[in-house]
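Peer 1: Sequence first, then the predicted structure, then my questions.
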Amino acid sequence: LFNKLPQKSSYRITSFNSFPLNDTMIRSTSLFSKRLITSPNTLAQSFRQSTNISSTHAVETSSRSASSRANVKDDEQEVVTFLRLNNLSDNPGAVKKGRRIGRGIGSSKGKTCGRGHKGQKARAGGGVSPLFEGGQTTFYKRIPKRGFTNNHAQPMVPLNVGTLQDYVDMGRLSLSEKPLTIKDLVDAGVTTSSSVKHGIKLLAKGKERLRSPIKIEISRASEGAIEAIEAAGGEITTVHYNKLALRALLKPEKFDVIPKRAGPPPKLMDYYTDFNKRGYLSPEVQLKK
């Protein structure tokens, strides 16, 4: 601005139309637009002072506008309450307060407390069974009995060959020349020792995934499971365990001397002497040993 002014001793600025000024310069120069300026130095000093005043005013204005916008944002923000144990409660009206009985006639349940006068149903602990039909033969006695509970049943824990392959892939079952036993399966977490009451039966579900040559001794096995194990290059033998032998196998620390394993009872002798079942008493399995 001052470079465009000719070098004279004194100046009188009456208009700024000849200079390209912005809004800030116009506001600042309006303070001395109608005053007599004696020299360029005086003009520059006045211009700097007015510029400082206008910049301070602009900063204050911007800070006020920013604070006002922040206040508006704070008003618009939604308060979020996180669910914790200390503020966990039912909705208002969800729990209705029960009526207290025996607290006078004003409570509508005073004196007899809604039980009436005397009788079987008015007594403490009294009442009629829901199955009582007034003395006639009840419904559950009029219908015939169906089925029974076999007290000699020996339920087995089911185990699929696909599950065996999964545990081998996870590294929880290690394959070696020594066959796997029920103890190895329990230690690997396939089942629990408390659930094995009579033994484990091997089933053929998941046989399409079986690819490891597994050698195993198990209580029972289905025909499909035997075919799947042997098709993968493994060996399977069905072995009988009575309750004592099964306890000695699963928890040997309970015994000072491990008892000798008992043979199968006469009813199960046919199963464990059959090679199709891969029984451990069959001649073919005995010859392999």
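Peer 2: Perfect, thanks for sending it.

Peer 1: All the strands of this protein, residue numbers only.
Peer 2: 11-12, 36-37, 157-160, 200-203, 215-218, 220-221, 235-238 (DSSP state E).

Peer 1: could I get these as a markdown table with mean pLDDT and mean neighbour count?
Peer 2: In this view, the C-beta of every residue, glycine as well, is placed from N, C-alpha and C. Shown next, in a markdown table, are the strands of the chain (pLDDT from 0 to 100; neighbours: other Cβ atoms under 10 Å):
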| stretch | mean pLDDT | mean neighbour count |
| --- | --- | --- |
| strand 11-12 | 46 | 12 |
| strand 36-37 | 42 | 14 |
| strand 157-160 | 97 | 18 |
| strand 200-203 | 97 | 21 |
| strand 215-218 | 96 | 21 |
| strand 220-221 | 96 | 24 |
| strand 235-238 | 96 | 20 |
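
Peer 1: Quick one: closest of those strands to Ser194.
Peer 2: strand 157-160 (10.7 Å; Cβ to Cβ).

Peer 1: Keeping just the C-alphas, turn the closest one into CSV.
Peer 2: Extracted C-alpha coordinates of strand 157-160, given in CSV (Å, rounded to 0.1, in the frame of the first residue of the first chain):
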residue,chain,number,x,y,z
VAL,A,157,-21.3,-93.9,26.5
PRO,A,158,-21.5,-93.3,22.7
LEU,A,159,-18.4,-92.3,20.9
ASN,A,160,-18.1,-91.6,17.1
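
Peer 1: That strand packs against which elements?
Peer 2: Applying 3 or more Cβ pairs under 8 Å, 6 or more residues apart in numbering; DSSP states H and E, we find strand 157-160 packed against strand 200-203.

Peer 1: pLDDT below threshold where in the stretch 51-200 of the chain?
Peer 2: For the stretch 51-200 of the chain, the stretches flagged by pLDDT under 70 are 51-76.

Peer 1: Give the burial count for Met170, as a bare number.
Peer 2: Counted with other Cβ atoms under 10 Å, residues neighbouring Met170 total 10.

Peer 1: how far away is it from Pro264?
Peer 2: 34 Å (Cβ to Cβ, to the nearest Å).

Peer 1: picking up where we left off before, could you dump the strands of the chain to a markdown table with distance to Ile182?
Peer 2: Below are these laid out as a markdown table (distance: least, Cβ to Cβ, whole Å):
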| stretch | distance to Ile182 |
| --- | --- |
| strand 11-12 | 112 |
| strand 36-37 | 110 |
| strand 157-160 | 9 |
| strand 200-203 | 6 |
| strand 215-218 | 7 |
| strand 220-221 | 11 |
| strand 235-238 | 12 |
